[in-house]
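1. What shape does this take:
(chains A and B, ligands or ions: 1)
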Amino acid sequence: MPDTKSMIKDHVLDRPNSYIGRSVPRPNAKRLLAGRGTFTDDVKLPRLTHVAFLRSTYAHAEIVSIDVSEAKESEGVVAVVTGPEMAEVCSPWVGVLTHLEGLKSAPQHALAVKKASWQGEPVVAVVANTRAQAEDAIELIDIEWKELPVVADMETALDPETPLIHPELGDNLAWQRDLDAGDVDTAFANADHVIEETYISNRHTGVCLETRGIVADYNPGEDQLTIYHSTQAPHMMQSLFAKHLNIEEHKVRVICKDVGGSYGIKVHSYPDEYATVALAYMLKRPVKFIADRLESFTSDIHARDHRVKTKVAVSNEGEIQAFEIDDLTGIGPYSVYPRTSGIEANQVVNLTGGQYTNPNYRARAQVVLQNKSPMCQYRAVGHPILTLITEGMVDDAARKIGMDPLEIRRKNLVPDDAYPTTAPSGLPFENLSHHASLYKLVEMMDYDGLRKDQAEAREQGIYRGIGLATFIEVTNPGPAFYGVGGAPISAQDGATMRLDAKGNVIVEIGVTEQGQGAEAVVAQCAATALGVSMDKIKVIAGDTDITPYGGGTWGSRAAGIGGEAAVQAGKALRQNIVEVAGIMLQCDPSTLDIRENNVVDLADGNERMALAEVGRVCYYRPDTLPKDYQSELVVTRHYVPKQFPFAFTNGVQGCYLEVDTNTGFITFKKYVVVEDCGTVINPLLVDEQVRGGVIQGLGGALYEECLYSDEGQFLNGTMADYLVPMAAEMPDVEVGHVESPTLDSELGAKGAGEAGTGGAPAVVMNALNDALEPLGGKVTIQPFTPERILQAIGKI
Amino acid sequence: MKPAAFNYAKPSSVEEVLGLLSEYGDEATILAGGQSLIPTMNMRLSAPALVIDINGLDNLNGISDEGDRLRIGALTRHVEIENSELIASHAPLITLAMPSIAHPAIRNRGTFGGSVAMADPAAELPACLCALDGEIEITGQNGVRKVVAKDFFKELYETDAGDGEILTAIEIPKISAGYRSAFDELARRHGDYAMCGIAAHAKVDRDVLSDLRLAFFAVGGTPVIATQAMSAMEGKSVDDESIFAAQSALEDDLEPFDDLHCSATLRMHYAKELTKRMLTTLSARN
Ligand SMILES: Cc1cc2nc3c(=O)[nH]c(=O)nc-3n(C[C@H](O)[C@H](O)[C@H](O)COP(=O)(O)OP(=O)(O)OC[C@H]3O[C@@H](n4cnc5c(N)ncnc54)[C@H](O)[C@@H]3O)c2cc1C
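-> Numbering: from 1, shown residues only, chains lettered A, B, ... in the order given. I've put the predicted structure just below:
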């Protein structure tokens, strides 16, 4: 790569009074803390109605008949709508993408038609004046069901005697991918040691503080649908709602106000949400759907149900010579639309072992259908699994030859000066820093000191373990992720910046705020590039009528892509402002700059004119400007990564924990993450992203599990039974940074939102197994519960 | 989810409550702190025709010293008990148990009487009352009666209190000289209902235990008083041998069950582990 930084004139990272790299408080934090946010349920419209859904109580059953007559008469009921009636308004969809070759799924409806395929699938919609009335009416609906055989266990989903969920598909295999790189067979044949294992990540889900919600309103007067939606991707949803209701896209406006967490849960399209929009269209009045906590558990996407058989070859000297994996994942009865349920397994195939020099790699992924809630992308898509198996295999190898886990990593990680390079799967890596990150982690956690402490504790019968997990992470995706496969998801994002008459700046962006601070980061970039203070900036996001067309927030793209668009818009607006200021001041614009809300002399920073004065003249007194000159105080700039399909990042996690071998309980004693997200725009926000991500990863590692009966019944769909991590048990997470900016953008920022989640299960498992090794124990099934830990060491 | 429609009454005397209870029978439900009742109503697991809010009955509030016993009004909030000097000096077992009951926000509203009436098999307070021989005061149309804890908790979520009755107070004998209490539980996360828990109380003379009470919770439908383990320990000094004997006796005392978060095997393992911890704690020199 050429050194683009030195080639860019007026580089944003060289700006005076820069906000980049500073822990600026989030401008929206005060509003949210004051309870003055507008979440979807806060939206109240005249003539508002509420919808509740009768959901299938069976995992797989045919709908013989539905009697809604009593429900229709129930107090406050406005409409009762079944699947066939809904299908007349809202067309079905199929969750496939062409670049996941061979991926298949069946047409899915907003309300089940003919049969229900998972417990929780919406079957009948009841619209009433209140949610309680709608729920009352649901109890009066009489459905005759004919139970069908249930495919619950993914292990037997492909067996010939297993019934087919969608007979028209021919089998229960939604997708299979095979990859063979290097010479795997020879490597295994010649290896000093081959270690096989099976790792299991159990199904869990993302629990958003704000559940999914949508308010849709249809105005027949202008054929306009207005949709308030708690979503990550407003333009994608606009496109999908328009398509399936057969309305022109510009007649659909999606507004996304405050979002109380999303984590990928809100980047998909859901049948109940299509149904809500279709109901508003049918009834010509606003309809609100707010998922309650119970239905969230069976209607939100689940994730990470994987069984992976692994095989690693290692020499006596600790050289890793081959990785082989066989991944089986169950995705529920449909591939989720439009991003599909193949991506998670695809990431596992693409990235397993990608941080190591070993070129011999074979992978198979089988994605099977089953009668459980649909699975799809959740924060750090695939990474918790692929990091778990990669780092599990590396520790397996180290243990076998008696090598320290740190040493085997130092030996096998791709050297920092080898980049750019390519993973065995063919994905290009621009610039990763595994060794620098590992070096920093070792310092921060005092690795040698911990080893000493561990040895001393063991002498007293106390079992402590150290875990290490290096990782790579996909961020800043270009069109390679979805667009090339045919999904209506913008890879590009834009920022529109406008200088107002009083010198204030409005920034409209395509990326969205989910509570993570995207607006703050964009404001920092815009303020820095333009030369104004943060208090002059107002950021507007989440409105398809207003903001530039964009992809929204997912794949750790908001800061890296939205931030760069804001940088370019800020620079362009500055150009336009100094141009008109040059005319007013009768000097060469190239001798001017903008700093701290004033036009100044570039050379010495002397103040020449306030931005408010520029605004006043341009808007109120343009008659004082030359007749042949038109000022332009609004600019739009877009950005999409072009050199690389993704801006890969990397990092390493380390933890030190103690296991109570009588109870199987663990206590964290130290938890350190070093991550490299390129340019750090706001250290505080990055650190909190990492911390929050770690906790979410630890949730999956230690507590969270969607439990199902053999009949496909979800057993723990309440917050009392589905255990999310709580503050009392969680470690303090220390965060360190290595900065290897991407040269794909001027800003150089890569994503940071998923780094914590991706590495957490692996580091905990490795630490646990380090602690349990002297007792002959090893855990491989996530979540690593006290019961599984005690079983591993033969205590129960 | 939203609860089904219900009627609501907020009486100001126990007599009024009793009147409503006799009028509505099992269609009426008493609302105390609401921490257990409201979730079940929201999930439509219960749909009472009438909710009788007893939060206006001020005389059911508070802790008083009654000579050789403490009297705790049924409506006394967990938080008040947690912070009470009277309880700490005269019923330290309750003070030890309090922080394990849910979270501060729930303890601000949840009531002692509600916990006891609810009789959740994993709740701490019923087991503590069994360990301490507490008495439950029940008021009905026929007046006031008292039931000792071990007879009060009958079956899973079933108590000796009938539909027409209200719990008005709990009485706990003050701890006698030479006695000690200990408490522990194992829960997946702090504040969760336990996978296994134990309330212990004994006369301690050096390291010899007598009049030992071991009351387990979360191992059966009701609190379980481990009589075999107790007699295995009676008059013994706490050492590896006696601990082992008590642990072995638990095989006869307990019939643990499987649930989502914990197998019966693990429960038994935990019961033994907790027994060891309790016996060691009780006998540890101050
Ligand atoms: C997240 C969470 C975690 C919890 N964890 C624990 C825990 O770890 N340990 C624990 O012990 N509890 C726990 N609880 C329950 C909590 O302690 C409740 O407060 C308690 O069980 C019930 O008390 P309440 O006053 O809220 O009763 P309510 O919810 O008002 O009533 C519960 C039941 O008791 C009946 N009732 C209440 N008062 C009387 C009375 N005076 N006479 C007759 N009947 C009456 C009601 O009719 C109802 O059936 C938890 C609750 C929550 C929400």
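
2. ok, A:Val94 - contacts?
-> Contact analysis of A:Val94 by CB atoms under 8 Å, 6 or more residues apart in numbering or on different chains lists A:105-108, A:335, A:337. In short, each C-beta sits where N, CA and C put it, glycine included.

3. For the residues you listed, pick the one with the most neighbours.
-> A:Ser335 (29 neighbours; other CB atoms under 10 Å in any protein chain shown).

4. contacting residues around it?
-> The neighbours of A:Ser335, taking CB under 8 Å, 6+ apart as the test, are A:94-96, A:103-105, A:174-175, A:341-342, A:367, A:374.

5. on that earlier part again, contacting the ligand as well, which ones from the contacts of A:Val94?
-> The subset of the contacts of A:Val94 within reach of the ligand, counting by CB under 6 Å from any ligand atom, is empty.

6. Looking at these, which is nearest A:Asn412?
-> Proximity of the contacts of A:Val94 to A:Asn412, judged by CB to CB, is greatest for A:Ser335, which lies at 35.4 Å.

7. For that closest one, give me the backbone phi and psi.
-> Dihedral pair for A:Ser335: phi -80, psi 130, per degrees, to the nearest 10.

8. longest single helix anywhere in the chain?
-> By default, I'm working from chain A. Secondary structure of chain A per DSSP state H: the longest helix is helix A:563-585.

9. Please refer instead to chain B.
-> Among the elements of chain B assigned as helix by DSSP H, the one spanning the most residues is helix B:264-283.

10. for that one, packing partners?
-> Packed against helix B:264-283, as judged by 3 or more CB pairs under 8 Å, 6 or more residues apart in numbering or on different chains; DSSP states H and E, are the following elements: helix A:786-792, strand B:179-186, strand B:196-205, strand B:208-217, helix B:240-253.

11. Is it possible to get JSON lines of those that adds mean pLDDT and mean neighbour count?
-> Converted to JSON lines, these look like this (pLDDT from 0 to 100; neighbours: other CB atoms under 10 Å in any protein chain shown):
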{"stretch": "helix A:786-792", "mean pLDDT": "98", "mean neighbour count": "21"}
{"stretch": "strand B:179-186", "mean pLDDT": "98", "mean neighbour count": "22"}
{"stretch": "strand B:196-205", "mean pLDDT": "97", "mean neighbour count": "24"}
{"stretch": "strand B:208-217", "mean pLDDT": "97", "mean neighbour count": "23"}
{"stretch": "helix B:240-253", "mean pLDDT": "98", "mean neighbour count": "17"}
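
12. Am I right that A:Thr49 is in contact with A:Lys284?
-> No: in this structure, A:Thr49 is not within contact of A:Lys284 by CB atoms under 8 Å, at 11.0 Å.

13. Who has more neighbours out of the two?
-> A count of neighbours by other CB under 10 Å puts A:Thr49 above the other of A:Thr49 and A:Lys284, at 23 against 12.

14. What subset of the contacts of A:Ser335 is buried?
-> Neighbour-count burial (16 or more other CB atoms under 10 Å in any protein chain shown) is assigned, among the contacts of A:Ser335, to A:95-96, A:103-105, A:174-175, A:341-342, A:367, A:374.

15. host element of whichever residue of the stretch 101-250 of chain A sits closest to chain B?
-> Residue of the stretch 101-250 of chain A nearest chain B, by CB to the nearest CB: A:Ala132 (3.8 Å). When secondary structure is defined by DSSP states H and E, A:Ala132 falls within helix A:131-138.

16. partner strands of the helix or strand just after that helix, parallel or antiparallel?
-> Heading C-terminal from helix A:131-138, the first helix or strand you meet, by DSSP H and E, is strand A:142-147. For strand A:142-147, sheet partners with direction are given as strand A:61-67 (antiparallel), following DSSP bridges.

17. Go through the strand it pairs with and flag the buried ones.
-> Judged by neighbour count (16+ other CB under 10 Å), strand A:61-67 contains these buried residues: A:61, A:63, A:66.

18. pLDDT at the residue of the stretch 451-600 of chain A found nearest chain B, what is it?
-> Distances between the stretch 451-600 of chain A and chain B by CB to the nearest CB are smallest at A:Gly461, namely 14.9 Å. The model reports A:Gly461 with a pLDDT of 97.

19. domain parsing for chain A?
-> Listed by automatic domain parsing, the domain ranges of chain A are A:4-37+A:492-639, A:40-148+A:207-299, A:302-479+A:643-792.

20. can stretch A:278-297 be found next to the ligand?
-> No: Stretch A:278-297 stays out of contact with the ligand when judged by CB under 6 Å from any ligand atom, the minimum separation being 12.3 Å.

21. Show the average pLDDT along that stretch.
-> 97.

22. Next, the buried residues of that stretch.
-> Neighbour-count burial for stretch A:278-297 flags A:278-283, A:285-292, A:294-297 (criterion: 16+ other CB under 10 Å).

23. who in chain A is up against chain B?
-> Within chain A, the positions lying close to chain B (CB under 8 Å from any CB of the partner chain) are A:130-132, A:135-136, A:292, A:294, A:662-663, A:665, A:703, A:707, A:715-716, A:718, A:720-721, A:723, A:725-726, A:728-729, A:785-787, A:790, A:795-796.

24. How about the contacts made by A:Ala792?
-> Shown in contact with A:Ala792 (CB under 8 Å, 6+ apart): A:772, A:777-779.

25. which of the residues you listed lies closest to the ligand?
-> For the ligand, the nearest member of the contacts of A:Ala792 is A:Val779. The distance, counting by CB to the nearest ligand atom, is 27.1 Å.
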